[in-house]
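S.K.: sequence first, predicted model second:
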Amino acid sequence: MRSQIELIPVDAFNPERHWYPKALNATIHPMVNFFLNLDKKRIIKRYVHLHPSVDRSKLEELLNYKCKHFLWGGADLINSTSAGGKRQMVVIENNSCPSGQKSMPLIDDNREDGSYRLLVERTFKHAIKPKQGMPKIKGKLAVLYDKNYMETSGYAAVIADVFQEEVYLIPFYSDEDNEHIVIENGIIHLRQAGELIPLRAVFRYVTQRPWNRIPMHLKTKIVNPIIACLAGGRNKMVAAKAYDLFNAELEDSGLRINIPETIWDVSKTEIPLWVKKMGGQAVIKIPYSNAGQGVYTIVNERELDSFMAEEIDYERYIVQSLIGNYNWSSSSERGKFYHVGTIPTPKGDTYVVDLRMMVSSTPNGIRPLCIYSRRTEKPLSDTLESGSDSWSMLGTNLSIKKGENSWDSDTNRLMLMDRRDFNKLGLGLDDLIEAYIQTVLSTIAIDKMCKQLFNTKGRFRAKLFKSLNNDATLLNEILL
């Protein structure tokens, strides 16, 4: 674990420090490369050709959308199918400050900083420009982080190169005193050797309850701002409501965000009732956790009892229908969606996989940056035994928490967009386009929720937020 403050100089970027070894020399799959270089006109024409009911002008408007708050996100999607064979990309969540760069093969071998630079040039650089009529803040640039040193140090090095100035790389953990960070008059300062160094702009990779140490209102420019997390990027409760509201807005366009059936604002005592209503198979989520923490797949009474025995501080949960195996469901439940999974291995095993699609808002709309996939530890089983561990068959997240501020990744389950791994996913070009459009729709939904949570004077609407997410523990954590 790295915890010291670093000052990153210009020309310090070294690819070997910022990619997983298995990704460093991987060759991107031609189909993925082709997709990432497709222009919007061709994507729109192809999508409308396959979905004649979609409003072409609306789709064009959405792909050209410029986010105000949720500038950079990464959606986790599941390639699913119905009992009738209908394929669909389903959004599981969309993450503010997502990982992914260290897992992405280079699109262009001649650009060794890859999509790290694309994000900084396309999005961060434009977002921190002083607005006309607003006072210009003097100060340094910094990257704040609470995990993922491999990527955050990469971002710091690229920001230094793009802006041609030194950049501070600063740890900012949730359970430490953090005396090195001082916020005065809306400006974030770094305290170092008794001196307060003002920061004019910050690239944020603070993911663990960032609202408990970074205020909502800042003069220091920040990407992503905290509202992006509270409005859905790190808050699954509000995200579900944002998707629902945006789907209502999209009703006449032929477009919609595909999400599992979701019940929100559930108290812990109500959870067994909703799980029973969903046929005894469901996913329970603590809405404010991430990195695979706080997500519980339930397929039997033992797993439900185990969850109910846990002591959890938060008061409200969401319960979602489970995307599982077709053979697990009774005939009365066969309107659900099921995992497509990987191409069977030589042993005949099929693994559940997800797809992470990272995008960012640019002057030319929302554009894809990088993609990777993760598979489960164990293959899908056709039968469910009473003692089955469903998470090992359904949980794809690679993060492993080793201590309070220490994380590791199970890279054995990482599947790259390279010539070898991509073929095992069973995905085609149209699947990638569908994943991109679902990511764009969910990103816009959260950005629109961000806007709703500010009044005309730019102040946070605390009462509205409380009506959307009335969890006293969460509300007490938020710094206004």
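M.R.: Right, received. Where do you want to start?

S.K.: can you get me a residue count around the closest residue to I5 other than its chain neighbours?
M.R.: Nearest non-adjacent residue to I5, counting by CB to CB, 6 or more residues apart in numbering: I170, 5.4 Å away. From N, CA and C alone the C-beta is placed, and that goes for glycine too. Using other CB atoms under 10 Å, I170 has 24 neighbouring residues.

S.K.: then the host helix or strand of I170 to PDB, C-alphas only?
M.R.: I170 is part of strand 167-171, with elements assigned from DSSP states H and E. Only the C-alpha atoms of strand 167-171 are listed here, as PDB (Å, rounded to 0.1, in the frame of the first residue of the first chain):
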ATOM      1  CA  VAL A 167       1.100  17.300  -9.900                       C
ATOM      2  CA  TYR A 168       0.500  16.200  -6.300                       C
ATOM      3  CA  LEU A 169      -0.600  12.600  -5.700                       C
ATOM      4  CA  ILE A 170      -2.400  12.600  -2.300                       C
ATOM      5  CA  PRO A 171      -3.900   9.700  -0.300                       C
END
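
S.K.: begin at 44, not 1, for the rest of this chat.
M.R.: Okay, residue one is now 44; in that scheme the one you just asked about reads as strand 210-214.

S.K.: okay, and the beta partners of the residue nearest to C272 when sequence neighbours are not counted?
M.R.: Distance criterion CB to CB, 6+ apart; nearest residue to C272, sequence neighbours excluded, is S139 at 4.9 Å. Judged by DSSP bridges, the bridge partners of S139 are G116.

S.K.: helix or strand right after the strand holding I213?
M.R.: Counting by DSSP H and E, what follows strand 210-214 is strand 224-227.

S.K.: which other helices and strands contact that next one?
M.R.: Packed against strand 224-227 by the contact rule (3 or more CB pairs under 8 Å, 6 or more residues apart in numbering; DSSP states H and E) you find strand 230-235.

S.K.: to the chain's geometric centre, what's the distance from the following helix or strand past the strand it packs on?
M.R.: Going down the chain from strand 230-235, the next helix or strand is strand 238-248, by DSSP H and E. Distance of strand 238-248 from the chain centroid (CA atoms, centre = their mean, to the nearest Å) equals 24 Å.

S.K.: list the buried residues of strand 238-248.
M.R.: P241, L242, R243, A244, V245, F246, R247, Y248 (16 or more other CB atoms under 10 Å).

S.K.: now, which of the residues you listed sits nearest Y188?
M.R.: For the buried residues of strand 238-248, the closest approach to Y188 (CB to CB) belongs to Y248, at 4.3 Å.

S.K.: for the closest one, list the residues it contacts.
M.R.: C140, V186, L187, Y188, D189, K190, N191, E194, T195, Y198 (CB atoms under 8 Å, 6 or more residues apart in numbering).

S.K.: next, count neighbours for the residue lying closest to the third one once chain neighbours are set aside.
M.R.: In other words, L187. Spatial nearest neighbour of L187, excluding adjacent residues (CB to CB, 6+ apart): F215 at 4.6 Å. By other CB under 10 Å, 22 other residues sit near F215.

S.K.: now do F215, the pLDDT please.
M.R.: F215 carries a pLDDT score of 95 in this model.

S.K.: do S125 as well
M.R.: 84.

S.K.: contacts only, for the nearest residue to it once chain neighbours are set aside.
M.R.: Nearest residue to S125 in three dimensions, chain neighbours excluded: F380, at 5.6 Å (CB to CB, 6+ apart). F380 makes contact with S123, T124, S125, Q131, V133, P303, I366, according to CB under 8 Å, 6+ apart.

S.K.: mind giving me the ChimeraX command for buried ones among those?
M.R.: To isolate the buried members of the contacts of F380 in ChimeraX, using 16+ other CB under 10 Å:
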select :123,124,133,303,366
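
S.K.: out of the contacts of F380, the closest to K264 would be?
M.R.: Looking across the contacts of F380 and measuring by CB to CB, the closest to K264 is V133, at 34.3 Å.

S.K.: is that closest one in a bridge, and if so with what?
M.R.: Beta-bridge partners, per DSSP bridges, of V133: I121.

S.K.: wait, what's in contact with it?
M.R.: So V133 contacts L120, I121, S123, N301, I302, P303, I366, F380, Q481 (CB under 8 Å, 6+ apart).

S.K.: lowest-confidence entry in those residues?
M.R.: Within these, pLDDT is lowest for F380, at 82.

S.K.: in the protein, which helix or strand is least confident?
M.R.: Ranked by mean pLDDT, DSSP states H and E, the helix or strand of the chain with the weakest confidence is strand 442-446, at a mean of 61.

S.K.: mark which of the contacts of Y248 are buried, thanks.
M.R.: C140, V186, L187, Y188, D189, K190, N191, E194, T195, Y198.

S.K.: tell me which of these fall in helices.
M.R.: Mapping these onto helices (DSSP state H) picks out E194, T195, Y198.

S.K.: how about CSV for these, with distance to L441 and pLDDT added?
M.R.: Output for those, formatted as CSV (distance: CB to CB, whole Å; pLDDT from 0 to 100):
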residue, distance to L441, pLDDT
E194, 13, 97
T195, 17, 98
Y198, 19, 98
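
S.K.: which among these gets closest to D156?
M.R.: Y198 (9.9 Å).

S.K.: can you pull up the most central residue in the protein?
M.R.: N138 (2.1 Å; CA atoms, centre = their mean).

S.K.: the stretch 244-393 of the chain: strands as residue ranges?
M.R.: Counting by DSSP state E, counting those that start in this stretch, one finds strands in the stretch 244-393 of the chain at the ranges 264-266, 305-309, 325-328, 338-341, 360-364, 380-382.

S.K.: turn these into JSON lines, columns for distance to D514.
M.R.: Shown next, in JSON lines, are the strands of the stretch 244-393 of the chain (distance: least, CB to CB, whole Å):
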{"stretch": "strand 264-266", "distance to D514": "24"}
{"stretch": "strand 305-309", "distance to D514": "9"}
{"stretch": "strand 325-328", "distance to D514": "13"}
{"stretch": "strand 338-341", "distance to D514": "17"}
{"stretch": "strand 360-364", "distance to D514": "9"}
{"stretch": "strand 380-382", "distance to D514": "29"}
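
S.K.: closest to G391 out of those?
M.R.: strand 380-382 (15.7 Å).

S.K.: and that closest one, how far out from the chain middle?
M.R.: On the basis of CA atoms, centre = their mean, strand 380-382 sits 21 Å off its chain's mean C-alpha point.

S.K.: how about stretch 186-196?
M.R.: With CA atoms, centre = their mean as the basis, the mean position of stretch 186-196 lies at 15 Å from the chain mean.
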